[in-house]
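Asks: Coordinates for the following, if possible.
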Amino acid sequence: MTPFGEKMRKLRAERGMTLRDMAENIGVSSAYLSALEHGKRGRPGWHLIQRIISHFNIIWDEAEEVARLARISHPRVTIDTSGLDPKATELANRLADDIAKLDGKAIGEMLAVLDMRKQKGR
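Replies: All right, here's what the predicted structure looks like:
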């Protein structure tokens, strides 16, 4: 499941809505919506994100969060390390090789390091 899919499932559950109901209301098939939630389809386009935001009647920060989650929910990522330090290439390749073996705690720790570095850069 993608971060975007997890958020969609949570929003549907909070509102007691089925996947089929949501799909009909936003104009997509339930199979497509299910595949989107489970990371079997690429991230949704801007227009679909806007229909989802409107469907759930969410605004401001929560709407921005949904759009952000959609941006970071592409299930197949390509990382271009050309021109970067050789260690960046090593990191990208090792992560690609080992990500399936990492548990939630290890992934959380890596995300925390990235978040901390991002905060320092501001």
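
Asks: only C-alpha atoms for contact and neighbour calcs from this point on.
Replies: Will do.

Asks: who does the longest helix along the chain touch, helix- and strand-wise?
Replies: Criterion DSSP state H: the longest helix present in the chain is helix 104-121. Helix 104-121 is packed against no helix or strand, with contacts defined by 3 or more CA pairs under 8 Å, 6 or more residues apart in numbering; DSSP states H and E.

Asks: dump the residue contacts of the spatially most central residue of the chain.
Replies: Geometric centre of the chain, nearest residue: residue 73, 2.5 Å, by CA atoms, centre = their mean. By CA atoms under 8 Å, 6 or more residues apart in numbering, residue 73 lies in contact with 2-4, 39, 42-43.

Asks: Tell me the secondary structure of it, please.
Replies: Following DSSP: H, G, I helix; E, B strand; the rest coil, we place residue 73 in the coil state.

Asks: do you know how far it is from residue 86?
Replies: 26 Å (CA to CA, to the nearest Å).
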